[in-house]
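[1] Next one to model:
(2 chains)
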Protein chains: 2
Amino acid sequence: MSTVKIHRPRAETPKGFRDYFGAEVTERTAMLEAITGVYHRYGFDPLETSAVETVEALGKFLPDVDRPNEGVFGWQDEDADWLALRYDLTAPLARVAAQYRNDLPSPYRRYAMGPVWRNEKPGPGRFRQFYQCDADTVGAPSVAADAEICAMLADALEVVGIPRGDYVVKVNNRKVLNGVMEVAGVLDPSDPSRFEAERGIVLRAIDKMDRLGDEGVRALLGPGRKDDSGDFTKGAGLTQAQADVVMGFTSAKRATGAETCARLRDLVGASVIGAEGVAELEQIAALLDAQGYGPDRIVLDPGVVRGLGYYTGPVYEAELTFEILDEKGRKRQFGAVAGGGRYDDLVKRFTGQSVPATGVSIGVDRLLAALRAKGRTLGDGAGPVVVTVMDRDRMADYMAIAAELRQAGLRAEVYLGNPKNFGNQLKYADKRRSPIAIIQGGDEAAKGTVILKDLILGSQIAQSATLEEWKDRPAQLEVARADVVAAVRKMLDQ
Amino acid sequence: MSTVKIHRPRAETPKGFRDYFGAEVTERTAMLEAITGVYHRYGFDPLETSAVETVEALGKFLPDVDRPNEGVFGWQDEDADWLALRYDLTAPLARVAAQYRNDLPSPYRRYAMGPVWRNEKPGPGRFRQFYQCDADTVGAPSVAADAEICAMLADALEVVGIPRGDYVVKVNNRKVLNGVMEVAGVLDPSDPSRFEAERGIVLRAIDKMDRLGDEGVRALLGPGRKDDSGDFTKGAGLTQAQADVVMGFTSAKRATGAETCARLRDLVGASVIGAEGVAELEQIAALLDAQGYGPDRIVLDPGVVRGLGYYTGPVYEAELTFEILDEKGRKRQFGAVAGGGRYDDLVKRFTGQSVPATGVSIGVDRLLAALRAKGRTLGDGAGPVVVTVMDRDRMADYMAIAAELRQAGLRAEVYLGNPKNFGNQLKYADKRRSPIAIIQGGDEAAKGTVILKDLILGSQIAQSATLEEWKDRPAQLEVARADVVAAVRKMLDQ
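    Sure thing, here's the model as predicted:
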């Protein structure tokens, strides 16, 4: 016989992808279920589109301005269509809103959740597949739709375990920024395409506020900025006074919504679009107030600049205000976990008709990380009761014990590995984070009893318990076989 | 200005893909939640792998023998790896079991659910993306693991709404078939590779029992078969007596499990592997009996042949036994909704080591179709209460009504389209399958009341109600604004 070299495939996830085990899955599922419960109560209907779309239908809807045209996983289908994995849940919504426009109710409120894929360079904590959870209203021109989504976002955060006071939903409006840009001389209402390049620079500049600070942004609004490496970025060419107007916008937040609006009204001066934007913000605040959503939950804040280049009207962002420790042990605010806004050209590229739409996307992984940081995840992460196997021939008895426990609603399993080494069975139970091991050897079987071993207490004792605690609550208990369900219940409740 | 021809993308799902709306999503979600609740109670842990795997890791695990090697959606990654969408949930499990073999508990019980993708020709009811819901135990050599999965499958069917008596889990064993093939002269235990071609023909022949009937299968076991088109398929070349043994296998089911095993023991004669297979079936039946899973739920049935070419030990299949009407109005049994078995070489291609594994896959769409056929779907498909807009300027009042209803746990929304035409608002409510419309015009606002319109009763009256019914339960009711939540509750409960 000749020797054949056997090629073994690598057992690896592709680069940038990962697996989720046990509680990682149940906690996310429970969180999404709670959120979609809120969406549902608001009258939103679920929509699940396929992961695959034609590249043509996908188009490009991402709010980040600098995103390259590539960035999707695509391939050519047999019939020559190019297909790709969806990169968000908004592009499929646009396709659905156009495809079913005669059948869907109008306005159409829908929620969607599921994985999306980005063909980007993976990095630490950056994956090429991740979850989104969106809610959008298509076909409602009124800012009542935006107000509704802000209220819903607040409810969603509270229902997953972020208490009032630990979050704030901030609302801004692209139209106000348009008014500001008009005043700053980079928007001409009579010729909207003029100064497009300058407006792009302004938008990108204020988007970098966090990173560059006031001075850096001012440089980009003016002549330009040389970064640490010596590279020069051309600025928007505003004068000092014009730049003041733009800078005034991002820092226009005042103690109350009314004062903020007064400040904004000053800034936008005679701009019609600017005044319209301020009026919309006032209206949103009034609608929310009437439902009891005051500034302890939802505030007007022109400092919210993310996505302003993409959205066409109100913009909103949910921030968690509690502090966590970053990698270097420094305190910092947790930050944004959801964002959205109004984008009125959703289906236009398909149908030619402008359709108003507004919606929010929750960053599922970030929100989950926040809940974990605060120890507030939902979902039952408890391990099963493990019925050990002392006598291979009495497997039926052990399985009957597990079946009884399950019929009583308890999580239970029989050890199904090689039962020879009892230590391995307990090690297994430990790995399963099992609260209780059940043992029935020949002696117990003859007496009609079983032994319950309290593994949680056992490991506490091993670590730190005092002798008194040990006496007070023995880690091992012998009970009648007939009482096994009741005894397990009692031990779990302790 | 020159005329530019605008290219509009088609708003279409790619061929073979589809969208799921509203109750299609919630019903499936509720069903999967119920099933995974059972899996969880049996000690199975969730695993969610990414949709994308390396083609190398995916390999080929499908139970259908004739499947071509293509059939996946694949593309080349930038770093030259070929990637593809998973085509089932077993291949990713194999990869995970190999990749994390030092970290996972052993045995490892896991469940997984989610979409899988097949690059196949779409057809009516055949989609290129569909759901699977699997549970597998890796690392447990004992047939206790198989018995457990059969019991779990029965529990899962009952929990989603298939009552006892409307389903049966059938159990067979590949080892018994091996014994039968030994007796039939197409398996030589001392030289397992001999007669491989013949065994392939036998496996494919009995798999076609439903389609070809006794005679057709016998022809394939013997010299061969000419089909209606005149094409000839070469047979396995068995003698009449040898074919009798094989045919005897698939029809070996008797009134009781014990009698079936006796019949099988006769058929496998002196074959060691055959005797082992029969013993395993007896053991499974005994383990299930001890837990109260009798033949009213789980039966030994050698007539289950699907997947026998793929599995290496016990094979199981869940069938729904109630009748439905097919497309032509004929009664027929609903048929299989889940199947699985033991496949002991799951991770061998990665590690070289043989690891025992057994598992089941539920056909999510088929089971959901069965529940729909019986009117037993879970999931709340009720539309929201719609608060209509009579006066655009009092939007805040309408939103406050909806907010109150939601805070009371009711599903409610405000109409957010153009409110001018009230008829459109009621048409919208109808499209939303709304049970109640709430109306508050200027008169009602002045009086501090609202009108509740019972839309369900309204449409009943429009169709068929008598005058007495109409008087008895008016379809419209005026209540104090302060009582709106209580009044809606009462109307919904009627």
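[2] Would you map out the domains in chain A?
    A:23-173+A:268-373, A:388-493 (automatic domain parsing).
[3] Let me see the confidence value for A:W82.
    Looking at A:W82, its pLDDT stands at 87.
[4] so it sits right up against A:W75, yeah?
    Yes - the criterion here is C-beta atoms under 8 Å, and A:W82 meets it with A:W75 at 7.4 Å. All C-beta atoms are positioned from the backbone trio N, CA, C, and that covers glycine.
[5] Name the residue in these two with the higher neighbour count.
    A:W75 (19 against 14; other C-beta atoms under 10 Å in any protein chain shown).
[6] ok, how many other residues are close to A:E282?
    For A:E282, using other C-beta under 10 Å, the count is 18.
[7] What helices and strands are in contact with whichever strand or helix holds it?
    Using DSSP states H and E, A:E282 maps to helix A:272-290. Helix A:272-290 sits against helix A:144-160, strand A:167-173, helix A:174-183, helix A:257-268, strand A:298-300, strand A:314-325, helix B:395-407, with contacts defined as 3 or more C-beta pairs under 8 Å, 6 or more residues apart in numbering or on different chains; DSSP states H and E.
[8] Quick check: which of those is buried the most?
    helix A:174-183 (a mean of 26; mean count of other C-beta atoms under 10 Å in any protein chain shown).
[9] just checking, what packs against it?
    Using 3+ C-beta pairs under 8 Å, 6+ apart: helix A:174-183 touches helix A:240-250, helix A:257-268, helix A:272-290.
[10] Serialize the ones you listed to a markdown table and add fields for mean pLDDT and distance to B:G179.
    Formatted as a markdown table, those follow (pLDDT from 0 to 100; distance: least, C-beta to C-beta, whole Å):
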| stretch | mean pLDDT | distance to B:G179 |
| --- | --- | --- |
| helix A:240-250 | 92 | 79 |
| helix A:257-268 | 94 | 81 |
| helix A:272-290 | 96 | 74 |
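[11] Identify whichever of these lies nearest to A:T26.
    helix A:272-290 (33.7 Å; C-beta to C-beta).
[12] Only the buried residues of that closest one, if you could.
    Neighbour-count burial for helix A:272-290, with 16 or more other C-beta atoms under 10 Å in any protein chain shown as criterion, is recorded at A:273-285, A:287-290.
[13] residues in contact with it?
    Here helix A:272-290 makes contact (C-beta atoms under 8 Å, 6 or more residues apart in numbering or on different chains) with A:143-144, A:146-147, A:150-151, A:171-180, A:182-183, A:189, A:257, A:260-261, A:264-265, A:267-268, A:294, A:298, A:300, A:313-314, B:395-397, B:399-400.
[14] Give me the distance between that helix and the centre of its chain.
    28 Å (C-alpha atoms, centre = their mean, to the nearest Å).
[15] Tell me what angle it forms with helix A:144-160.
    Angle, helix A:272-290 to helix A:144-160, by axes from the mean of the first three to the mean of the last three C-alpha atoms, to 10 degrees: 40 degrees.
[16] and B:P46, which of the helices and strands packed on helix A:174-183 is closest to it?
    helix A:272-290 (37.8 Å).
[17] low-confidence ranges in chain A?
    A:1-6, A:60-70, A:379-380, A:459-474 (pLDDT under 70).
[18] Point to the residue nearest the middle of it.
    A:V364 (1.8 Å; C-alpha atoms, centre = their mean).
[19] ok, so what distance separates that residue from chain B?
    Note on A:V364: its distance to chain B, by C-beta to the nearest C-beta, to the nearest Å, is 12 Å.
[20] ok, that residue touching A:E27?
    No - contact criterion C-beta under 8 Å: A:V364 and A:E27 do not qualify, at 10.8 Å.
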